[in-house]
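[1] structure of the sequence below:
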Amino acid sequence: MAEDNDFLNEAEDDLKTIEFIKSFLPQKLKGKFTDDQLYYFLDVISEYYADSGCLDVQPDKDGFIEIDEEKVVDYILKQAKKDGMGDFDAEDLLYVVDGEMEYGNSGTTEE
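    Numbering: from 1, shown residues only. Below you'll find the model as predicted:
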């Protein structure tokens, strides 16, 4: 049952993250990405965090970890092409990555 609760909590947090990203996007990008694409990007961002080792470094004195957003965007672009999700504009994806990071920094995530 704990696994079910973890899954539900994770799904709820993903939904909140997607809604935050959609509200974070500039007006010119609102409606550009489907929810499925945003969920895909969120999964790939999480994969990047896990595989890159960036979360294994010690936080700075303020508790932050420096993550190169452009590397995250490059990773998404490569994975999207590899997975047949299509070609995306790096500048547009940077807003998605920024939105995900802002959501994580906002303290609204449940751990």
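
[2] check contacts around the residue nearest to V57 when sequence neighbours are not counted.
    If the residues on either side of it in the chain are set aside, V57 comes closest to I65, at 5.8 Å by Cβ to Cβ, 6 or more residues apart in numbering. In this view, the C-beta of every residue, glycine as well, is placed from N, C-alpha and C. For I65, the contact set (Cβ atoms under 8 Å, 6 or more residues apart in numbering) comprises 54-55, 57, 59.

[3] could you do D35 as well?
    So, once contact is read as Cβ under 8 Å, 6+ apart, D35 ends up touching I18.

[4] check what pLDDT it gets.
    Per-residue confidence (pLDDT) for D35: 95.

[5] next one: phi and psi at it?
    phi -60, psi -40 (degrees, to the nearest 10).

[6] three-state assignment of F88?
    The three-state assignment at F88 reads coil, by DSSP: H, G, I helix; E, B strand; the rest coil.

[7] quick check, it in contact with I76.
    Yes. In this structure, F88 is within contact of I76 by Cβ atoms under 8 Å, at 7.4 Å.

[8] now the helix or strand where E100 lies: buried residues?
    Following DSSP states H and E, the helix or strand that holds E100 is helix 90-105. By 16 or more other Cβ atoms under 10 Å, the buried positions in helix 90-105 come out as 93, 95-101, 103.

[9] okay if I get those residues as TSV plus distance to I18 and pLDDT?
    Formatted as TSV, the entries for these read as follows, by distance: Cβ to Cβ, whole Å; pLDDT from 0 to 100:
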residue	distance to I18	pLDDT
L93	15	97
Y95	14	97
V96	10	97
V97	14	97
D98	14	95
G99	9	96
E100	9	94
M101	14	91
Y103	9	91
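
[10] out of these, who's nearest V72?
    The nearest member of the buried residues of helix 90-105 to V72, counting by Cβ to Cβ, is V97 at 4.9 Å.

[11] coming back round to it: higher neighbour count, F88 and I76?
    Legend: neighbour count by other Cβ atoms under 10 Å for F88 and I76, higher for I76 (24 against 18).
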